[in-house]
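J.: just a sequence and a predicted model for now, questions to come.
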Amino acid sequence: MIHEELQKLEKLSVQVSKKIEVLTAENQQLNERLKMLEQQVAEKNVALDHFKNKIKISNIVDNRPVNSEDAVEMSDLINSYIQEIDQLITYLSE
């Protein structure tokens with residue numbers, strides 16, 4: 001009787017171990033997929049930001065009115081580009 005109970009417990013423990021292995025593998029696959037999807041979202045956000053900046057620049061070039069927040073943001077962006085260009089010119093002239 002005790003021997004039968006031990007066999008049942010051993011069988012249950014094997015089943016639990018197998019289930020843990022399956023769930024661990026599934027968890028790993030889901031984590032990898034999550035990382036991939038997060039990377040795709042980040043790339044799409046960067047592309048979206050670039051597209052928004054192109055629209056703002058187009059509006060400025062076409063002399064369309066731009067709201068003040070966008071104008072300040074674009075001014076800061078242009079200033080940072082100018083600083084980067086100045087640094088590159090300095091680097092290249094050395």
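T.: Perfect, I can see it now.

J.: so where is this protein shaky, pLDDT-wise?
T.: Residues of the chain meeting the criterion pLDDT under 70: 59-66.

J.: scan the protein for its longest helix.
T.: Longest helix in the chain by number of residues (criterion: DSSP state H): helix 2-61.

J.: what is the subsequent helix or strand relative to that one?
T.: As assigned by DSSP states H and E, the chain's next helix or strand after helix 2-61 is helix 68-93.

J.: flag every buried residue along that following helix.
T.: Neighbour counts over helix 68-93 (16 or more other CB atoms under 10 Å) mark Asp70, Met74 as buried. Just so you know, the C-beta spots here come from the backbone N, C-alpha and C atoms, and that holds for glycine as well.

J.: now for Glu10, how many residues are close by?
T.: Neighbours of Glu10 under the rule other CB atoms under 10 Å: 10.

J.: any idea how far Asp70 is from it?
T.: Using CB to CB, to the nearest Å, Glu10 is found at 69 Å from Asp70.

J.: now Val22
T.: Val22 is 52 Å from Asp70, where distance means CB to CB.

J.: check Thr24 too.
T.: From Thr24 to Asp70 the distance is 49 Å (CB to CB).

J.: quick revisit: now do the longest helix of the chain against helix 68-93, angle only.
T.: 90 degrees (axes from the mean of the first three to the mean of the last three CA atoms, to 10 degrees).
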